[in-house]
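Asks: my questions concern the predicted model and sequence given below.
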There are 2 protein chains.
Amino acid sequence: MRYRRTDVVERALEVLDRYGLADLTMRRLGAELDVQPSALYHHFANKQTLLAAVADEILARGQRPLPDPADWEQRVVAVCVGLREAMLAYRDGAEVVATVHAFGLGADGPTADLGSTLRAAGLGDSLARTAARTLLHYVFGHVSEEQTHLQAGSAGAIADEPREESDFLTGLALVLDGIRLRRESLAH
Amino acid sequence: MRYRRTDVVERALEVLDRYGLADLTMRRLGAELDVQPSALYHHFANKQTLLAAVADEILARGQRPLPDPADWEQRVVAVCVGLREAMLAYRDGAEVVATVHAFGLGADGPTADLGSTLRAAGLGDSLARTAARTLLHYVFGHVSEEQTHLQAGSAGAIADEPREESDFLTGLALVLDGIRLRRESLAH
DNA sequence: ACCTGAACACCGTTCAAGT
DNA sequence: ACCTGAACACCGTTCAAGT
């Protein structure tokens, strides 16, 4: 069989979701595609690049149209909630996206969304950037932890998801309150 | 030579700081101590446990006495700034501490400090926990990113540290503002 | 363009046996 | 108590060669 870049990413997503990030190896993925591991290097320069493509695909698949920009706070919440749900949709999704982001590769859609929303809210370039990064760090950190514990509790994990979501929203509201306060003191 | 647990941690810290987390392998550490890799398993059940001990040691060495608890906000800032400095003191320190924390092993001193400070500020158990976790996620996320870029710029990295610190404090102030607002609305 | 086959230089971990 | 030596079951990546 002969594959294209997107076929490899598709299969990588399946391996990730079924066996987890630790088992998403070049050799394992090659075996899954009935191909030598070295064949993957025709499609990706290295594993990091493959992982970046996987992260981008996780976010792309979780994409949902943003609501009307009536309220900048609602918009920020929508972006963060959407980001959380996209990452939760795949096993170890948060770790993959966070790692790739930390490495500086791809997956800059959310950063751009948050940044432009905050600038549109009148936050000033430097503060908007800092606020966007603060929000992202919170989201990545919270969801990574959440997902780790979710998987530790394995099977009956659907039960306590509401508690985790309200926890997520509480922390998010904390950061958002801080941003609003700064915004008001700027506009006053 | 015969070593004790603390000797191994000490040497692991040196290897970490000189060669980075990627090169802190059981085999490499064994070689550094002139010992078979298998000998390390007499001191630690596995690599995770060793890494947890390393993380704890990084935090312990960065420990500085907290200022008088006159102001709960100043106390929170002191804990977070201290945490940042402790992690920055070792190459890849933030990644080590964050990883160990995500895994649920050791390094719960900061969580406890923040939690008790926030409860003492009158925040209520559940909100105090959420706020402490939010702060920690921010600190880990920011410092990890900061340290990655610091090391990417390698040599002349001392130059732009002030900018990074003020950036860190700005984001921290954002979260802190959110916490203060919630606290005031509770006490009102 | 996409893949094979073989190799290089590594990993973490286990376990019987030694002192 | 602490370590050796050997093994098991893996890694990511490179590269000449094939179709």
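Replies: Received the coordinates, thanks.

Asks: tell me the domain ranges of chain A?
Replies: Domain ranges of chain A: A:5-44, A:59-187, per automatic domain parsing.

Asks: whichever helix or strand residue A:13 is part of and DNA strand D, any residue contact?
Replies: Per DSSP states H and E, residue A:13 falls inside helix A:5-19. No. If you take CB under 7 Å from any atom of the strand as the test, helix A:5-19 misses DNA strand D, and the best it gets is 9.6 Å. (Glycine included, C-beta is placed from N, CA and C.)

Asks: so which bits of that helix are buried?
Replies: Neighbour-count burial for helix A:5-19 flags A:8-9, A:11-13, A:15-16 (criterion: 16 or more other CB atoms under 10 Å in any protein chain shown).

Asks: mean pLDDT for the domains of chain A: which is lowest?
Replies: With a mean of 90, domain A:59-187 has the lowest mean pLDDT of the domains of chain A.

Asks: quick one: end-to-end length of that domain, please.
Replies: Domain A:59-187 has its terminal residues 34 Å apart, counting by CA to CA, to the nearest Å.

Asks: starting at the chain centroid, how far to that domain?
Replies: 8 Å (CA atoms, centre = their mean, to the nearest Å).

Asks: all helices in chain A, in order from the N-terminus.
Replies: A:5-19, A:26-32, A:47-61, A:72-88, A:93-103, A:109-120, A:125-152, A:161-187 (DSSP state H).

Asks: which one of the ones you listed lies closest to chain B?
Replies: Closest approach to chain B among these is made by helix A:125-152 (2.8 Å; CB to the nearest CB).

Asks: tell me if the closest one is near chain B.
Replies: Yes. Using CB under 8 Å from any CB of the partner chain, helix A:125-152 comes into contact with chain B via A:127, A:130-131, A:133-134, A:136-138, A:140-142, A:144-145, A:148-149.

Asks: closest to DNA strand C among those?
Replies: residue A:148 (17.1 Å; CB to the nearest atom of the strand).

Asks: am I right that that closest one is in contact with residue B:99?
Replies: No. With contacts counted by CB atoms under 8 Å, residue A:148 stays clear of residue B:99, the gap being 10.8 Å.

Asks: who has more neighbours out of the two?
Replies: Neighbour totals were compared for residue A:148 and residue B:99, and residue B:99 leads with 19 against 15 (other CB atoms under 10 Å in any protein chain shown).

Asks: neighbours around the nearest residue to the more buried one once chain neighbours are set aside, how many?
Replies: Closest residue to residue B:99 apart from its sequence neighbours, by CB to CB, 6 or more residues apart in numbering or on different chains: residue B:51 at 7.0 Å. Neighbourhood size, residue B:51 [other CB under 10 Å]: 22.

Asks: what's the answer for residue A:152, then?
Replies: Residue A:152: 9 neighbours (other CB under 10 Å).

Asks: cool, and residue A:29?
Replies: 22.

Asks: again, but for residue A:37
Replies: Residue A:37 - counted by other CB under 10 Å - has 14 other residues nearby.

Asks: what's the answer for residue A:184, then?
Replies: 9.

Asks: from residue B:178, how far out is it?
Replies: 13 Å (CB to CB, to the nearest Å).

Asks: now residue A:79
Replies: 17 Å.

Asks: likewise for residue A:96?
Replies: Residue A:96 is 28 Å from residue B:178, by CB to CB.

Asks: and for residue A:115?
Replies: From residue A:115 to residue B:178 the distance is 19 Å (CB to CB).

Asks: could you do residue A:109 as well?
Replies: Taking CB to CB, one finds residue A:109 at 25 Å from residue B:178.

Asks: just want to know which of these two has more residues nearby.
Replies: Neighbours per residue, other CB under 10 Å: of residue A:109 and residue B:178, the larger number sits with residue B:178, 23 against 14.

Asks: and the more buried one, what does it touch?
Replies: Taking CB atoms under 8 Å, 6 or more residues apart in numbering or on different chains, we find residue B:178 in contact with A:173-179, A:181.

Asks: show me how to select, in PyMOL, the buried members of those.
Replies: For the buried members of these, the matching PyMOL selection, counting by 16+ other CB under 10 Å, is:
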select buried, chain A and resi 173+174+175+176+177+178+179+181
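
Asks: show me which residues of chain A are close to chain B?
Replies: A:102-104, A:127, A:130-131, A:133-134, A:136-138, A:140-142, A:144-145, A:148-149, A:167, A:170-171, A:173-179, A:181-182.

Asks: contacts for stretch A:27-40, please.
Replies: Residues contacting stretch A:27-40 (CB under 8 Å, 6+ apart): A:1, A:3, A:7-8, A:11-12, A:14-15, A:19, A:26, A:50.
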